[in-house]
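one predicted model, sequence on top.
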Amino acid sequence: MQSADSADPAPDPTAPLPAPTPPEGAGDPQALLRTLPPVNGILDDLGAAELDLAPREEWLTEVRQALSDLRAKVLSGSIGPVVLEKARTPATVLGAARRRIERRRDPGCVRVVNATGVVLHTNLGRAAMPPVAHEALAAEAHGYQLLAADAALGERSPRERHLEALFQQLTGCEAATVVNNNAAATMIALAALAEGREVIVARGQLVEIGGAYRIPDVMRQSGATLREVGTTNRVHLRDYENAINENTALIMRVHTSNYRVEGFHGEVGIDDMVKLGQAYGVKVVDDLGSGALVSLDHQGIPGEEPLIARSIEAGVDLITASGDKLIGGPQMGIMVGSRECVARVRAHPLYRAVRCGKLSLIAMEATLRLFLHPERLAETHPTFRMLTAEPDALLARAEALRERLAAAAPVASGAVTVGAQPAGDAVGAGSLPTVELPGAAVTLVAKDIEAGELARRLRAHRPPVFTTVHDHIVHVHVRTLQPGDDEVVVAALESAWEDDA
């Protein structure tokens, strides 16, 4: 037993802590690079499951890329020997290669969570189709379909005849047909009715929408000649009448659905345009864009869009509109009007090139049937359910989602703070552009991650979650969340920190 005098002296509590002792390779990138495993050594660990996912040549490419990424991180100083030791193991490198291969095999046009508050989001597929459309596709899309055949007579029949019957019932039109989108509808209508002749349009209605799509460009492609009348903000009936000549084929109105002119502004009503056309024997075409089948105001939605049925009642010869905006169906261009005009469109050589496929027809027929009961649209139709949602109900939903997110690991650990507050939503897709819908959103503020980066990580989840960023805060708008989306938002927030674990 040692005496007290021979015992080791107690450490000096005032002495500085010893300097760090870096592990081998710290500060020497070349030494660290020499520790990376050889490619062939990693490929030797490929098993049947890996080779079933991808051929060896693809694994070779992705393993090389994974090692190249590690080299870049070492040379940039972003990782040191401790992190590299874990990242360089064959299992970790194969895992990185697997993620790249699996991402490549992901389907391209996938379902996403729309947490932007924009109900008709063009980049996210515009309208969320009703459940009845999904059910119709599930029930009727397999095997063969009664597309262009008449079951009773066994003869060929127009493929869109079922939609035509519904449009006749819903709008009072004589005839109807459909093509793959409203741009195609506008172009083929002008080509069929005015090729080589003039179409009179108000200068203030020569709109451009997303993707640099411009009405004048479409008119030129149709073979018709544009005849502008009026000024940017005002047009009079006399402007249209003075422009009519022996080469006039059409008078056209284009609904400026993606913007509104306020102040000193004036335009000619559709009734006066029709009377003018009838007086001179000139047909009138009305491009309504949004395609409203019911009054939005009567549905409790602030604002109003011109009704297709109203233009039919006024005597318009042909109306074009989108099927995936306020109708809420699949992408489609709708043409309703007189039998003569629709027959001319069907007879045009371009018609076959732009017609709709069977899946779109199945989904649209199911969607249109919902409008036979307009009093139920807020319950049966996702677009109308979202547009009519009350602010108090949305705020309560945001609070419920905030509580669910509070249990997520990043929130519980203090890595991110969540809240709930009112927010401004929008109709979108060029419909009711000046109407802001009072909504609500969950707010996400990350402690060590910039808001744009957090939004990117949420989009990287599968399925992706699209949000908005304002004032360095991520906003998850609840108006546009579909049933089951709350669980995806929670999972996406959890996965946003997986790479940092």
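Good, I have the coordinates.

which helix or strand contains residue 324?
If you go by DSSP states H and E, residue 324 is not part of any helix or strand.

tell me the contacts of it?
Residues in contact with residue 324 (Cβ atoms under 8 Å, 6 or more residues apart in numbering) are 120, 125-127, 330-332, 429. C-beta here means a position set from N, CA and C on the backbone, and glycine is covered the same way.

nearest to residue 493 among these?
For the contacts of residue 324, the residue nearest residue 493 by Cβ to Cβ is residue 125; the value is 23.2 Å.

partner residues bridging residue 178?
residue 334 (DSSP bridges).

report the buried residues of stretch 342-356.
Residues of stretch 342-356 classed as buried by neighbour count (16 or more other Cβ atoms under 10 Å): 342, 344-346, 348, 351, 354-356.

do stretch 159-173 as well
Buried, per 16+ other Cβ under 10 Å, within stretch 159-173: 159-160, 162-164, 166-167, 170-171, 173.

domains for this protein, by residue range?
Using automatic domain parsing, the domains assigned to the chain come out as 23-105, 113-121+387-500, 131-374.

off-centre distance for the second one?
What it means is domain 113-121+387-500. Here domain 113-121+387-500 is found 16 Å from its chain centre; the criterion is Cα atoms, centre = their mean, to the nearest Å.

now stretch 419-429: buried residues?
Those buried within stretch 419-429 under the rule 16+ other Cβ under 10 Å are 420, 423, 425-429.

okay, residue 192 and residue 344: tell me how far apart.
4 Å (Cβ to Cβ, to the nearest Å).

actually residue 390, not the one I wrote
For residue 390, the distance to residue 344 equals 46 Å [Cβ to Cβ].

ranges for the helices of the stretch 1-150 of the chain?
Under the criterion DSSP state H, counting those that start in this stretch, helices of the stretch 1-150 of the chain are mapped to 29-33, 39-43, 48-53, 56-76, 81-87, 90-105, 131-140.

picking up where we left off before, between the domains of the chain, which one is nearest to residue 381?
The nearest among the domains of the chain, by Cβ to Cβ, is domain 131-374 at 5.3 Å.

can you list the buried residues of stretch 342-356 in JSON lines and add pLDDT?
Converted to JSON lines, the buried residues of stretch 342-356 look like this (pLDDT from 0 to 100):
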{"residue": "342", "pLDDT": "98"}
{"residue": "344", "pLDDT": "97"}
{"residue": "345", "pLDDT": "97"}
{"residue": "346", "pLDDT": "96"}
{"residue": "348", "pLDDT": "96"}
{"residue": "351", "pLDDT": "95"}
{"residue": "354", "pLDDT": "94"}
{"residue": "355", "pLDDT": "93"}
{"residue": "356", "pLDDT": "95"}
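
greatest separation within the residues you listed: which pair is it?
Pairwise distances among these were taken by Cβ to Cβ; the largest, 18.5 Å, belongs to 344 and 356.

count of residues packed around the residue nearest to residue 135 when sequence neighbours are not counted?
In space, and not counting its chain neighbours, residue 135 is closest to residue 366: 7.2 Å by Cβ to Cβ, 6 or more residues apart in numbering. Other residues within reach of residue 366, judged by other Cβ atoms under 10 Å, total 21.

surely residue 366 is in contact with residue 139?
No: Residue 366 sits out of contact with residue 139 when judged by Cβ atoms under 8 Å, with a separation of 9.4 Å.

contacts for the helix or strand hosting residue 275, please.
In this assignment (DSSP H and E), residue 275 forms part of helix 270-280. Under the contact criterion Cβ under 8 Å, 6+ apart, helix 270-280 has outside partners 237, 240-241, 244, 248, 251, 253, 282-284, 286, 306, 310-311, 314-317.

show me where the stretch 201-350 of the chain has strands.
Secondary structure of the stretch 201-350 of the chain, counting by DSSP state E, counting those that start in this stretch: strands at 208-209, 213-214, 225-229, 248-254, 283-289, 318-322, 333-337.
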